[in-house]
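In: Got a predicted model here, sequence first, then my questions.
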Amino acid sequence: MSDIVNNKERHRYELAVGEYIAATYYKIEGNVITFIHTEVPAELGGKGIGSKLIRGALDQVRAEGLKVIPQCPFVKAFIEKHAEYQDLLK
């Protein structure tokens, strides 16, 4: 079970760690999801939280059959480093 929650109302995937929430924001058009911006609170920085968030979000995107446009530099860099997600690119 993933800790990553797709908050559809806020158009973001979320990962709660204690009192903090890391989130990656998106927009969906048809079967394409564009990741716009990722935020990881400073208190969670350097702990791999952003990578865990993106990995979980991309796993859900794959399960839904969506293609990805990584407008967010963090998501783009993550996909470039992890070849197993490159097939998701639009």
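Out: Thanks, I have the structure now. Numbers count the residues shown, from 1 in each chain.
In: mind checking pLDDT for Lys27?
Out: Looking at Lys27, its pLDDT is 98.
In: Hmm, I typed the wrong one, I wanted Ser2.
Out: 61.
In: ok, now the one 4 residues further on?
Out: In this model, Asn6 is scored at 97, pLDDT.
In: which phi and psi does it have?
Out: For Asn6, the backbone dihedrals (degrees, to the nearest 10) come out as phi -90, psi 100.
In: tell me which element the nearest residue to it once chain neighbours are set aside falls in.
Out: Counting by C-beta to C-beta, 6 or more residues apart in numbering, the nearest residue to Asn6 once its immediate chain neighbours are dropped is Tyr13, at 5.5 Å. Bear in mind the C-beta positions are built from the backbone N, C-alpha and C, glycine included. Per DSSP states H and E, Tyr13 falls inside strand 12-17.
In: Can you list the buried residues in that strand?
Out: For strand 12-17, a neighbour-count test (16 or more other C-beta atoms under 10 Å) marks Arg12, Tyr13, Glu14, Leu15, Val17 as buried.
In: Any stretches of this structure with poor pLDDT?
Out: For the chain, the stretches with pLDDT under 70 are 1-2.
In: what do you get if the cut-off is 50, keeping everything else the same?
Out: Scanning the chain for pLDDT under 50 picks out the ranges 1.
In: With just CA atoms, put the longest helix anywhere in it into PDB.
Out: The single longest helix within the chain, with elements called by DSSP state H, is helix 49-64. Output of helix 49-64 as PDB, limited to C-alpha atoms (Å, rounded to 0.1, in the frame of the first residue of the first chain):
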ATOM      1  CA  ILE A  49      11.000  12.300   0.600                       C
ATOM      2  CA  GLY A  50      10.700  14.000  -2.800                       C
ATOM      3  CA  SER A  51      11.900  10.900  -4.600                       C
ATOM      4  CA  LYS A  52       9.500   8.700  -2.600                       C
ATOM      5  CA  LEU A  53       6.700  11.000  -3.500                       C
ATOM      6  CA  ILE A  54       7.500  11.100  -7.200                       C
ATOM      7  CA  ARG A  55       8.000   7.300  -7.400                       C
ATOM      8  CA  GLY A  56       4.600   6.700  -5.800                       C
ATOM      9  CA  ALA A  57       2.900   9.200  -8.000                       C
ATOM     10  CA  LEU A  58       4.400   7.800 -11.200                       C
ATOM     11  CA  ASP A  59       3.500   4.200 -10.100                       C
ATOM     12  CA  GLN A  60      -0.200   5.400  -9.800                       C
ATOM     13  CA  VAL A  61       0.000   7.200 -13.100                       C
ATOM     14  CA  ARG A  62       1.300   4.000 -14.800                       C
ATOM     15  CA  ALA A  63      -1.600   2.000 -13.200                       C
ATOM     16  CA  GLU A  64      -4.000   4.600 -14.700                       C
END
